[in-house]
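In: Build me a model from this:
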Amino acid sequence: MPRYLGVMSGTSLDGLDIALIDQGERTRLLASHYIPMPDSLRQELLSLCAPGEDELARAALAERRWVELAASGIDLLLREKGLVATDIRAIGSHGQTVRHEPARGFTIQIGNCALLAELTGITVVGDFRRRDVAAGGQGAPLVPAFHEALFDDRNGNRAVLNIGGFSNLSLIEPDQAVRGFDCGPGNVLMDAWIQLNLGQGYDRDGAWAASGQVQPSLLDTLLEDDFFSTRGPKSTGRELFNLNWLQAHLAKLPTLKPEDVQATLLELSARSMVDALKAAQTETLELLVCGGGAHNGTLMRRLAELLPGTQVSATDSRGVPADWVEAMAFAWLAHCCLEGIPANRPSVTGAKGLRILGAIHPA
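Out: Numbering: from 1, shown residues only. As a prediction, this is how the structure comes out:
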């Protein structure tokens, strides 16, 4: 069976996930590798998410560093598994999103697929999102088709919730086209707030949030954002939900304890996810969670409390490690591109029709 690599660098910017799969009738994870993001590169990529000086040159230099990091991780994984470049049919590379504004007709992921092909000696498929945007779609989320392929057993309604920097839902119902959309902030605001106040990259297990009290006045004003009342197809990113957005709301309220703000941000993430699920799909039997948020015990418990009639668990319960679902998805998207299989879903993104996603850069 052909083997593919998937490289995923999400909005949390904590590092690169690399997944090795083989693709037969089902997708099977063979190996994985994680590379932490150097802080200097993380800060540069974050700065590119907003307008700034000399952006084109800075983006070109940053993506070269990103590609070199990805190539080094791929080399390590292959050597660990005793494989060589010719054992891999293709790399599916998501790249790093620096701007996502489908309402204005564009989405930008940097990642220089040509250089990645040159450094690895492996064919690279990338630039998956722009074909969907060109067809009038949101370009995101792209993973619902893969979630359906992995988890649809034709036995009742289920949903897959990816919680990275942002969260997105895939809604899987028997004999229906898969649906999906972005819900809003996942970890992005919690990460930014704890970094600002405690100098930590993330709130391990949601412990700091658990030490605070949810502030209804803050929660209500955050939930008033128009994004939460908009039905899908919809997608979002740092262009909307960021530290400046949060601080603008905090400025309108009396000073709150930092831990209470964190508790409220966790509740915002949980509530926005659950409200979106309930509005879009009734009688969800099972909610499968993937992404870094699956490790936040406080958040997972809150999701279960808000969904008493739904079984809530990480995708590990279905034999697919929560940390590697997204990287596996982009390996699968490379397979679809090379096989001429449309991989977007108009029911998810709002595109005019099915499209083959990705641009191919031969080894």
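In: Could you pull up the mean pLDDT of the helix or strand where residue 74 lies?
Out: Secondary structure assignment for residue 74, by DSSP states H and E: helix 55-80. Across helix 55-80, pLDDT averages out at 96.
In: Over to stretch 3-11?
Out: Mean predicted lDDT for stretch 3-11 stands at 93.
In: and what of stretch 207-215?
Out: Rounded mean pLDDT across stretch 207-215 is 98.
In: neighbouring contacts of that stretch?
Out: 190, 194, 198, 203, 253, 256-267, 298-299 (Cβ atoms under 8 Å, 6 or more residues apart in numbering). The way it works is simple: take the backbone N, C-alpha and C, and place the C-beta from them, glycine included.
In: Just the buried residues of those residues.
Out: 190, 194, 203, 256, 259-267, 298-299 (16 or more other Cβ atoms under 10 Å).
In: Could you point out which of these is nearest to residue 158?
Out: Proximity of the buried ones among the contacts of stretch 207-215 to residue 158, judged by Cβ to Cβ, is greatest for residue 299, which lies at 19.3 Å.
In: quick one on the thing from earlier: who's in contact with the helix or strand following the helix holding residue 74?
Out: Where DSSP H and E defines the elements, the next helix or strand beyond helix 55-80 is strand 90-93. Strand 90-93 is contacted by residues 4-7, 70, 74, 111, 113, 116-117, 120, 122-126, 128, 330-335, 337-338, 358, 360 when judged by Cβ under 8 Å, 6+ apart.
In: Out of the residues you listed, list just those in strands.
Out: Among these, the ones falling in strands (DSSP state E) are 4-7, 124-126, 360.
In: what would the residues you listed look like in TSV with neighbour count and distance to residue 172?
Out: Compiled in TSV, these are given as follows (neighbours: other Cβ atoms under 10 Å; distance: Cβ to Cβ, whole Å):
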residue	neighbour count	distance to residue 172
4	28	23
5	30	26
6	30	21
7	30	26
124	30	30
125	26	25
126	27	27
360	15	29
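In: sorry, back to before: now do the helix holding residue 74 against strand 3-8, angle only.
Out: 140 degrees (axes from the mean of the first three to the mean of the last three Cα atoms, to 10 degrees).
In: for helix 55-80, packing partners?
Out: Secondary-structure packing of helix 55-80 (3 or more Cβ pairs under 8 Å, 6 or more residues apart in numbering; DSSP states H and E): strand 3-8, strand 15-23, strand 27-36, helix 39-47, strand 96-101, strand 106-110, helix 113-120.
In: out of the ones you listed, which comes closest to residue 61?
Out: Nearest of the helices and strands packed on helix 55-80 (Cβ to Cβ): helix 39-47, 8.1 Å.
In: can you pull the buried residues of the closest one?
Out: In helix 39-47, counting by 16+ other Cβ under 10 Å, buried: 41-42, 44-45.
In: Mind giving me the packing neighbours of it?
Out: Other helices and strands packing on helix 39-47, by 3+ Cβ pairs under 8 Å, 6+ apart, are helix 55-80.
In: Next, the angle from the helix it packs on to strand 96-101.
Out: Using the same axes, to 10 degrees, helix 55-80 lies at 140 degrees relative to strand 96-101.
In: Return the set of buried residues in helix 55-80.
Out: Applying 16+ other Cβ under 10 Å to helix 55-80 flags 59, 62-63, 66-67, 69-71, 73-74, 77-78 as buried.
In: Repeat that for stretch 223-239.
Out: Per 16+ other Cβ under 10 Å, stretch 223-239 contains these buried residues: 223, 225, 227-228, 232-238.
In: From these, which land in strands?
Out: Short answer: those have none in strands (DSSP E).
In: Let me know the closest of the residues you listed to residue 272.
Out: The closest of the buried residues of stretch 223-239 to residue 272 turns out to be residue 228 (Cβ to Cβ; 5.7 Å).
In: Distance of the closest one relative to residue 268?
Out: 9 Å (Cβ to Cβ, to the nearest Å).
In: list residues touching both of the two?
Out: Common neighbours of residue 228 and residue 268, using Cβ under 8 Å, 6+ apart, are residue 184.
In: OK, contacts around residue 345?
Out: Applying Cβ under 8 Å, 6+ apart to residue 345 gives the contacts 144-145, 177-180, 354.
In: hmm, 7 Å instead?
Out: 144-145, 177-178 (Cβ atoms under 7 Å, 6 or more residues apart in numbering).
In: From residue 270, how far out is the nearest residue to residue 298 once chain neighbours are set aside?
Out: Leaving aside its sequence neighbours, residue 298 sits nearest to residue 206 (Cβ to Cβ, 6 or more residues apart in numbering; 2.8 Å). Distance, residue 206 to residue 270, by Cβ to Cβ: 10 Å.
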